[in-house]
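Q: give me the fold of what follows.
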Amino acid sequence: MENNERKLLRLRDVFIIVSIIAAVLVFYTLLPDSGGGTAVVLHDGGVIAEIPLDGSGEYTFPQVPDMVFTAGDGAVSVTASGCGDKTCIRTGKISGQGEAIICVPNKIVVQIKGSTKESGVDAVL
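A: Coordinates of the predicted model:
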């Protein structure tokens, strides 16, 4: 007579689950702390400034004197601009790594580098 009873979880299944959980915990503990990140301001392809996201304040630069950049609460935004369509202002605050504000008339790009904020799902397994 065969034993048709099947166990829901075997010892090796529990071992695999615990190993995966341990690997995930180790991975998240080893992630580097980027310290809040910075907003890199580029004008015509060249870097003109880096604005720390862990501080707050308003910034202007001689290359674009009619633009005002505002940093605070781990984000940066363009609060004033002399361009016609004001798309850079309507973009709002950015804080996630890789996010950008682009002002084509002024040839300005503001991009976040090294932010600790999650920017979304990279992959699903």
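
Q: now the phi/psi pair for Val18, please.
A: phi -60, psi -40 (degrees, to the nearest 10).

Q: going forward, begin numbering at 371 instead of 1
A: All set: I'll call the first residue 371, so the last point we hit is now Val388.

Q: from Val396, how far out is it?
A: In this view, Val388 and Val396 are 13 Å apart by C-beta to C-beta, to the nearest Å. For every residue, glycine as well, the C-beta is placed using N, CA and C.

Q: quick one: buried residues of the lengthiest strand in the chain?
A: Taking DSSP state E as the criterion, the chain has its longest strand at strand 434-442. Going by neighbour count (16 or more other C-beta atoms under 10 Å), the buried part of strand 434-442 is 434, 437-441.

Q: quick one: distance of it to the chain centre.
A: 20 Å (C-alpha atoms, centre = their mean, to the nearest Å).

Q: what's the helix or strand following it packed up against?
A: Next along the chain after strand 434-442, taking DSSP states H and E as the criterion, comes strand 445-450. Using 3 or more C-beta pairs under 8 Å, 6 or more residues apart in numbering; DSSP states H and E, the elements in contact with strand 445-450 are strand 434-442, helix 457-460, strand 470-473, strand 478-483.

Q: so Ser389 sits in a helix?
A: Yes. Assessed with DSSP: H, G, I helix; E, B strand; the rest coil, Ser389 lies in a helix.

Q: in stretch 413-433, which residues are buried?
A: Result for stretch 413-433 [16+ other C-beta under 10 Å]: buried residues 413, 419, 421, 423, 433.

Q: export these to TSV and tack on pLDDT, secondary structure and distance to Gly468?
A: Shown next, in TSV, are these (pLDDT from 0 to 100; DSSP: H, G, I helix; E, B strand; the rest coil; distance: C-beta to C-beta, whole Å):
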residue	pLDDT	secondary structure	distance to Gly468
His413	93	strand	20
Ala419	92	strand	19
Ile421	91	strand	16
Leu423	89	coil	14
Gln433	93	coil	23
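
Q: before we move on, the earlier item: the longest strand of the chain pairs with which strands, and in what direction?
A: strand 427-431 (antiparallel), strand 445-450 (antiparallel) (DSSP bridges).
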